[in-house]
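# Task: produce atomic coordinates for the following.
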Amino acid sequence: MILDGETDERALSIAKDELDSQFARDAGGGWTFSYGKEHPQENRHTPPLTTVQYPGHKGTAVGNIRHLGVGPVKSVIVVTLVQDIAVRDGLMVLEDEASGMQNPVRFGLSKIIQKDGRETFVGKSGTDVEIPIPPGVEPTIGSSLYRVSRHDLHVPEINESSLQPFRYAYVLEITIGTDTLRVQARGLPTWIPTGIGQSYALDIQQAKSPQQPQQNLEKVFSTPGEGLVTTASVEIINESGLVDTQVFMPLSQLKEIRRNWYDYLNTEINRYIDARVPMEISTPISLPVLPARKRISPLSDSPIPWADPEKILRQLRSGMQVETLLATIGGQIYLPLPPVMFGEQTLFDALDALIEHVGQSIVVGLNNIGQLSWARKHPEIPCFADIYLYMTNRRAAQMLVESIPNIGGMYGWIEREYLDSTGWPGKASQAGKDFSIPLFISRNCY
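Numbers count the residues shown, from 1 in each chain. The predicted structure is shown next:
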């Protein structure tokens, strides 16, 4: 969080508290051992580097023990809290032993009792509370109570077998005929063709008592069992020649139709899920061939293969010539942008000012997907996909060509020695075998 520049003090405090609960240990500023062990030539009567009495994990000090009540069955302590605690937190007290060491006793907080005798789930900082401890444990009065785990820090692992599969909600349209039931699906995903439906024979009769076909069909078809869909709504169209209250449909036949319908519908959906989509072959365009990548790195002693527009702009304004800072090949100045942008708008503003200052033919190398927005706003500037804007496949290359109005080429993925460009919108340039890049740069691994 600190590396990311987090400024929210509350978030930082919570994170620190969580880290303390997991890893905190006491430390001093002296030697790693003391209590009588000395070297004749050295004075080691300074404080120890570690806590000799108990060198282990202590967690966060959450209170001071003011009173102790010990019994064979039940023991309690009264604590003045310096931090909030909650039921199910993991706590620890230290017992002094005759050897001079301290024995850690860890336990789960099962109950918090306030001064007025009432139980509470959370004990507030600054209050005195009574909490039970394991029987027979005798921490020293005035010593600290520690929290070694939080009740809300460790979320239980999700058991995938308990998760219900997602079902797509669709509209079921049912048409009642004279001797058939027409069932049709609407509102399925757009990649499934419309018009999926089936007709089933049904012994439709005139009812002897008033019927409710809408409710009857909703009840039957709204329970698809296991499958890929669920009914969002059921729409009924009556073309039987009978009024709705006179339509009788045998329940056993409806249940059989329901089973057949959902078997058919799930089979059709799976057929489209498993279908092979033919590869779309784009009409290739002629892309400029880029120089070997080593030739367009900034002209400096640094191995960093990109340029900082803000730094370059300051150097130009101080009187330096662009030819001494950036590579110039074939009359074009190559400006590869940084792959990490800490201040996006600041970088873009510096880039605009740099281009205006140079006033010559500049080709900009894009190394971050966030830089595509700048390229779209500057169709007058040719831009190319540099080594960090990974062109790993034809889809990425197609997106690049469609996103940049003035495409000035692209480098293929440098981690792949041979790049099959079948179906690509244009041919990718090779970075060159003699070009190598740093593995670790700033906070990112490349």
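# Identify the residues contacting stretch 202-218?
174, 176-181, 231, 234, 236, 238, 240, 242, 244-251, 253-254, 257 (Cβ atoms under 8 Å, 6 or more residues apart in numbering). Heads up, the C-betas are built off the backbone N, CA and C, glycines and all.
# Buried ones among those?
174, 176-177, 181, 231, 234, 236, 238, 240, 242, 246-249, 254, 257 (16 or more other Cβ atoms under 10 Å).
# So which of the contacts of stretch 202-218 are in helices?
Cross-referencing these against helices under DSSP state H gives 251, 253, 254, 257.
# export those residues to a markdown table and tack on pLDDT and distance to residue 296?
A markdown table is the format used below for the ones in helices among the contacts of stretch 202-218 (pLDDT from 0 to 100; distance: Cβ to Cβ, whole Å):
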| residue | pLDDT | distance to residue 296 |
| --- | --- | --- |
| 251 | 94 | 77 |
| 253 | 95 | 75 |
| 254 | 94 | 72 |
| 257 | 95 | 69 |
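# Just give me the closest of those to residue 170.
residue 257 (16.9 Å; Cβ to Cβ).
# Test my guess that that closest one contacts residue 183.
Yes. Under the criterion of Cβ atoms under 8 Å, residue 257 makes contact with residue 183 at 7.2 Å.
# any residues in contact with both of those two?
Common contacts of residue 257 and residue 183 (Cβ under 8 Å, 6+ apart): residue 200.
# any chance you could map the strands in the stretch 151-300 of the chain?
168-176, 180-186, 197-201, 205-206, 229-238, 247-248 (DSSP state E, counting those that start in this stretch).
# Next, count neighbours for the closest residue to residue 400 other than its chain neighbours.
Spatially, and ignoring its direct neighbours in sequence, residue 400 is nearest to residue 385 (5.4 Å; Cβ to Cβ, 6 or more residues apart in numbering). Neighbours of residue 385 under the rule other Cβ atoms under 10 Å: 29.
# Walk me through the domains of this structure.
Domain assignment for the chain by the TED database gives 19-28+57-149, 168-274, 293-410.
# would you turn those into CSV with distance to residue 428?
As requested, these are exported to CSV (distance: least, Cβ to Cβ, whole Å):
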stretch, distance to residue 428
domain 19-28+57-149, 45
domain 168-274, 30
domain 293-410, 5
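# Return the member of these having the minimum mean pLDDT.
Mean pLDDT is lowest for domain 19-28+57-149 among the domains of the chain, at a mean of 86.
# distance between that one and the chain's centre?
Relative to the chain's own centre, domain 19-28+57-149 is displaced by 36 Å; criterion: Cα atoms, centre = their mean, to the nearest Å.
# when you give positions from now on, start the count at 46
Sure, I'll start numbering at 46, so the last one becomes domain 64-73+102-194.
# picking up where we left off before, nearest to residue 336, of the strands of the stretch 196-345 of the chain?
Minimum separation from residue 336 across these (Cβ to Cβ) falls at strand 213-221, 51.0 Å.
# ok, the closest one: who's next to it in the sheet?
Taking DSSP bridges as the criterion, strand 213-221 forms sheet pairs with strand 225-231 (antiparallel), strand 274-283 (parallel).
# tilt between that strand and strand 242-246?
Interaxial angle, strand 213-221 versus strand 242-246 (axes from the mean of the first three to the mean of the last three Cα atoms, to 10 degrees): 40 degrees.
# which of the residues in strand 213-221 are buried?
Buried residues in strand 213-221, counting neighbours by 16+ other Cβ under 10 Å, are found at 215, 217, 218, 219, 220, 221.
# tell me which element residue 193 falls in.
According to DSSP states H and E, residue 193 maps onto strand 189-194.
# hmm, I was thinking of residue 391
Assigned by DSSP H and E, residue 391 belongs to helix 389-403.
# if we can go back for a sec, from the buried ones among the contacts of stretch 247-263, pick the one nearest residue 194.
Closest to residue 194, out of all of the buried ones among the contacts of stretch 247-263 and judged by Cβ to Cβ, is residue 276, at 46.0 Å.
# who's in contact with that closest one?
Per Cβ under 8 Å, 6+ apart, neighbours of residue 276: 214, 215, 216, 217, 263, 266, 267, 269.
# what's next to the strand holding residue 193, contact-wise?
66-67, 102-110, 122, 124, 128, 130, 134-139, 151, 184.
# Show me how to select, in ChimeraX, the buried members of those.
To isolate the buried members of these in ChimeraX, using 16+ other Cβ under 10 Å:
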select :66,102,103,104,105,106,107,108,109,110,122,124,128,130,134,135,136,137,138,139,184
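# Among the contacts of strand 189-194, which ones are in strands?
Using DSSP state E, the members of the contacts of strand 189-194 that fall in strands are 105-110, 122, 124, 130, 135-139, 151.
# ok, of those, which one's closest to residue 236?
Nearest to residue 236 out of these is residue 135 (Cβ to Cβ; 50.1 Å).
# Once you drop chain neighbours, what's closest to that closest one?
Excluding the flanking residues, the one nearest residue 135 by Cβ to Cβ, 6+ apart is residue 194, at 3.4 Å.
# With residue 360 instead?
residue 370 (5.9 Å).
# Verify the stated contact: the one you found with residue 342.
No. Taking Cβ under 8 Å as the definition, residue 370 is not a contact partner of residue 342, at 11.4 Å.
# joint contacts of the two?
By Cβ under 8 Å, 6+ apart, residue 370 and residue 342 have no common neighbours.
# Show the end-to-end separation of stretch 449-465, please.
Distance between the boundary residues of stretch 449-465 (Cα to Cα, to the nearest Å) amounts to 22 Å.
# Same question for stretch 139-156.
End-to-end span of stretch 139-156 (Cα to Cα): 20 Å.
# quick one: buried residues of that stretch?
139, 140, 147, 150, 154.
# possible to save the strands paired with strand 213-221 as CSV with distance to residue 416?
What follows is these, written out as CSV (distance: least, Cβ to Cβ, whole Å):
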stretch, distance to residue 416
strand 225-231, 43
strand 274-283, 42
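# quick one: which of those is nearest residue 392?
Among those, the nearest to residue 392 by Cβ to Cβ is strand 274-283 (47.6 Å).
# how distant is the closest one from the center of its chain?
The chain centroid and the centroid of strand 274-283 are separated by 37 Å, computed with Cα atoms, centre = their mean.
# that older thread, closest one to residue 405 out of the contacts of residue 276, please.
Out of the contacts of residue 276, the member with the shortest distance to residue 405 (by Cβ to Cβ) is residue 214, at 59.1 Å.
# Which parts of this structure are helices?
Under DSSP H, the chain gives helices at 54-68, 258-266, 296-318, 354-362, 389-403, 417-422, 439-448.
# okay if I get these as JSON lines plus distance to residue 346?
Output for the helices of the chain, formatted as JSON lines (distance: least, Cβ to Cβ, whole Å):
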{"stretch": "helix 54-68", "distance to residue 346": "38"}
{"stretch": "helix 258-266", "distance to residue 346": "75"}
{"stretch": "helix 296-318", "distance to residue 346": "56"}
{"stretch": "helix 354-362", "distance to residue 346": "14"}
{"stretch": "helix 389-403", "distance to residue 346": "21"}
{"stretch": "helix 417-422", "distance to residue 346": "28"}
{"stretch": "helix 439-448", "distance to residue 346": "32"}
